[in-house]
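>>> Okay, predicted coordinates and the sequence, questions at the end:
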Amino acid sequence: MKNWRLVKMKRILALALAALLCLALAACSDAGQADTPADAPADAPAAQPEKAADYHDVKAKIMIIGKNSTDPFTNWLLTAAEKVIQEGYPNVEYVVTNLNDDPSNIVTLLDQCVLDGYDGVLIQKGSNSINSDEWYQNATAEGLKISAINAVAKDGAASCSYADDYGMAQMMAEYMAQALPENAQVVFFKGPDGNQAAMDRVDAYQEHLFEVRPDVTVIAENFVEGWKKENAITLMEDWCQRYDTIDGIISVNDTMALAGLDVMKNAGRDISGVYSCGIDGLADGCLSIEAGELTASILQNADVMSEEGVRLLMQMINGDIEHEAYIVDGVMITPDNVAEMIQMHRDNGIIK
């Protein structure tokens, strides 16, 4: 009986000690997690940096991505973006790179940004026809903020700053419908096949120029891969050999229109009576209008496009907005206002 009572007493003491030990451990646990909400999940994300009172003061690291390193409009966009950041966002670090005309590099660069701790990306993807929705959504889910320039973003995650391609081409088509002489014979540079921006511009020319002026004959037309000058030159050289009379050059961008004029000049043709047009308002296009060669262009203002794209990105990083779109208005450029446009290009450093 004595032995049984002794065993019972030992069990009671063991239980009491175990209870005291559990209480001690619980107290230590509570003390170590005093600042953590009781319902916070174990894998909750780290706290975000403190929000700046003004998004211009936000501290961030961003990557600026262009479609390639040789396109004149891309260079204008990226130069403008750098200038905006340097002058208005003192706490922003950035690097500049490009896609080398390969859209698949978008995924690689976004992944790199996530792994290297970037806060945001300002990107010119090159074409609205590239479906980047899933890429942007996945990167956004990893905490990266994205602002697209020179392209629409409809993914529900990225902001965008862009121009209305159809609207710009409609403005130019209506102008040329008034300018072209009766029974004019023209050639038509249509831009890259399948590129949404090019197709929108082609549609606008068709509906607001060629359908309105059935007397105008398109004697030659073709797509131009990559919007590139050298590809337009090859086409125009062939057209000049085939056609003695070319009254007009209709183009969906400045670069191809200027290429066509250069070929005609090099072939010894008089271009003083040739009606030609483009879109973008590039520095070279403006200088050509001033010289009495290119008839007109539409300003697709890369300065404004980049400025608004950077603003949207900084506001996203600072938590001011989720995502928004900004549409840049096109402006007709003719001999009447070209001096103002040339001064703009001097001010932004494109014309030295």
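Sure, I can see it.
>>> quick check: mean pLDDT across the host helix or strand of C240?
Using DSSP states H and E, C240 sits within helix 229-242. For helix 229-242, mean pLDDT is 97.
>>> need the next SSE after it, C-terminal direction.
Scanning forward in sequence from helix 229-242 by DSSP H and E, the next helix or strand is strand 248-251.
>>> what about T74, which SS state?
helix (DSSP: H, G, I helix; E, B strand; the rest coil).
>>> so what pLDDT did it get?
Looking at T74, its pLDDT is 93.
>>> ok, which stretches of this protein are strands?
Assigned by DSSP state E, the strands in the chain fall at 60-66, 92-98, 120-123, 145-149, 159-163, 185-189, 217-222, 248-251, 275-277, 297-299, 325-328, 331-333.
>>> need these in TSV with mean neighbour count, can you?
C-betas here are computed from N, CA, C, even on glycine. Formatted as TSV, the strands of the chain follow (neighbours: other Cβ atoms under 10 Å):
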stretch	mean neighbour count
strand 60-66	23
strand 92-98	16
strand 120-123	27
strand 145-149	29
strand 159-163	24
strand 185-189	22
strand 217-222	16
strand 248-251	28
strand 275-277	25
strand 297-299	28
strand 325-328	17
strand 331-333	20
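>>> Format those as JSON lines; extra columns: mean pLDDT and distance to K51.
Output for the strands of the chain, formatted as JSON lines (pLDDT from 0 to 100; distance: least, Cβ to Cβ, whole Å):
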{"stretch": "strand 60-66", "mean pLDDT": "97", "distance to K51": "12"}
{"stretch": "strand 92-98", "mean pLDDT": "97", "distance to K51": "15"}
{"stretch": "strand 120-123", "mean pLDDT": "97", "distance to K51": "15"}
{"stretch": "strand 145-149", "mean pLDDT": "96", "distance to K51": "14"}
{"stretch": "strand 159-163", "mean pLDDT": "96", "distance to K51": "18"}
{"stretch": "strand 185-189", "mean pLDDT": "98", "distance to K51": "48"}
{"stretch": "strand 217-222", "mean pLDDT": "98", "distance to K51": "52"}
{"stretch": "strand 248-251", "mean pLDDT": "98", "distance to K51": "47"}
{"stretch": "strand 275-277", "mean pLDDT": "98", "distance to K51": "47"}
{"stretch": "strand 297-299", "mean pLDDT": "98", "distance to K51": "36"}
{"stretch": "strand 325-328", "mean pLDDT": "97", "distance to K51": "22"}
{"stretch": "strand 331-333", "mean pLDDT": "98", "distance to K51": "36"}
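>>> right, and the ones you listed - which one's nearest Y205?
Closest approach to Y205 among these is made by strand 248-251 (6.2 Å; Cβ to Cβ).
>>> for that closest one, the distance to its chain's centre please.
27 Å (Cα atoms, centre = their mean, to the nearest Å).
>>> For that strand, which strands pair with it and how are they oriented?
Using DSSP bridges, strand 248-251 pairs in its sheet with strand 185-189 (parallel), strand 275-277 (parallel).
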